[in-house]
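Engineer: Sharing a sequence plus its predicted fold:
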Amino acid sequence: RKEVEQDPGPFNVPEGATVAFNCTYSNSASQSFFWYRQDCRKEPKLLMSVYSSGNEDGRFTAQLNRASQYISLLIRDSKLSDSATYLCAVGSNYQLIWGAGTKLIIKP
Amino acid sequence: GAVVSQHPSWVICKSGTSVKIECRSLDFQATTMFWYRQFPKQSLMLMATSNEGSKATYEQGVEKDKFLINHASLTLSTLTVTSAHPEDSSFYICSAPLTGNYEQYFGPGTRLTVT
């Protein structure tokens, strides 16, 4: 089993819809959790941190479920510009372990 | 804040030559930097962890004599791909965390093509 797993997708979603995807992790001692966004042929950029109490930033909501060992990302009212690959990263021992990413395609 | 630069942004070189890639933290000091490689349509693969003032830590399967890493100062790490071959063609990205934090800030990446 991989340390951090994501559904690779692609998720094809109509503009305006709500989409959610999860990321599971195997190390129960993990301490920090993040969602990054990566556009084609670009570097990953931090989208948001995931706190135990959840985190919301505009249309984006991230949640952590420690009992089931996964984090989630919810995107509401999706825009064409949300099309990208979303990477989750899980931190322990001051290293980040990366998921392979979930590709999201928003269609007009 | 937390800006990381990389140079060059792209490079084309001939097989057998060496290429040096620089990674700089512009507005913070980074005792640790990470070097990743990403092949088309594949995930980020950590190659090595660069430590200021000490040897880099390489991931399993990464040849340390081929991918030379030097963390010369608190703001600069370099990756040298020695005797490059076409299979080394890839997107190389560095990142750095703020001291004591997990979140990493990425440089814009270097696209290497070996002909």
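Structural biologist: Ah, there it is.
Engineer: Paired strands for the helix or strand bottoming out on mean pLDDT in chain A, with orientation please.
Structural biologist: Comparing every helix and strand of chain A by mean pLDDT, DSSP states H and E singles out strand A:95-98 as the least confident one, with a mean of 89. Paired with strand A:95-98 in the same sheet, following DSSP bridges, are strand A:84-92 (antiparallel).
Engineer: what's next to the partner strand, contact-wise?
Structural biologist: A:3-4, A:6, A:21, A:23, A:25, A:27, A:29-40, A:44, A:47, A:71, A:73, A:96-104, B:43-44, B:102, B:104 (Cβ atoms under 8 Å, 6 or more residues apart in numbering or on different chains). Heads up, the C-betas are built off the backbone N, CA and C, glycines and all.
Engineer: Residue A:81 should be in a helix, yeah?
Structural biologist: Yes. Assigned with DSSP: H, G, I helix; E, B strand; the rest coil, residue A:81 falls within a helix.
Engineer: and the closest residue to it other than its chain neighbours, how many neighbours does it have?
Structural biologist: Excluding its sequence neighbours, the residue lying closest to residue A:81 (Cβ to Cβ, 6 or more residues apart in numbering or on different chains) is residue A:106, at 7.8 Å. With neighbours defined by other Cβ atoms under 10 Å in any protein chain shown, the count for residue A:106 comes to 20.
Engineer: can you give me phi and psi for residue A:106?
Structural biologist: Per-residue torsions, residue A:106: phi -100, psi 130 (degrees, to the nearest 10).
Engineer: re the thing from before, list buried residues within the contacts of strand A:84-92.
Structural biologist: Neighbour-count burial (16 or more other Cβ atoms under 10 Å in any protein chain shown) applied to the contacts of strand A:84-92 gives A:4, A:6, A:21, A:23, A:25, A:30, A:32-38, A:44, A:47, A:71, A:73, A:96-104, B:43-44, B:102, B:104.
Engineer: What does the pLDDT read for residue 99?
Structural biologist: The chain I'm using is chain A. pLDDT, residue A:99: 93.
Engineer: To clarify, I was referring to chain B.
Structural biologist: Per-residue pLDDT puts residue B:99 at 78.
Engineer: just residue A:11 next, same as before
Structural biologist: Note for residue A:11: predicted pLDDT of 96.
Engineer: doesn't residue A:105 make contact with it?
Structural biologist: Yes. The pair residue A:11 and residue A:105 qualifies as a contact (Cβ atoms under 8 Å) at a distance of 6.9 Å.
Engineer: Need the overlap of contacts for those two.
Structural biologist: The contact lists of residue A:11 and residue A:105 share no entry, where a contact means Cβ under 8 Å, 6+ apart.
Engineer: more neighbours, those two?
Structural biologist: Using other Cβ under 10 Å, the more surrounded residue of residue A:11 and residue A:105 is residue A:11, with 19 against 13.
Engineer: Tell me the bridge partners for the closest residue to that one other than its chain neighbours.
Structural biologist: Leaving aside its sequence neighbours, residue A:11 sits nearest to residue A:104 (Cβ to Cβ, 6+ apart; 5.0 Å). In this entry, residue A:104 is beta-bridged to residue A:11, residue A:84, by DSSP bridges.
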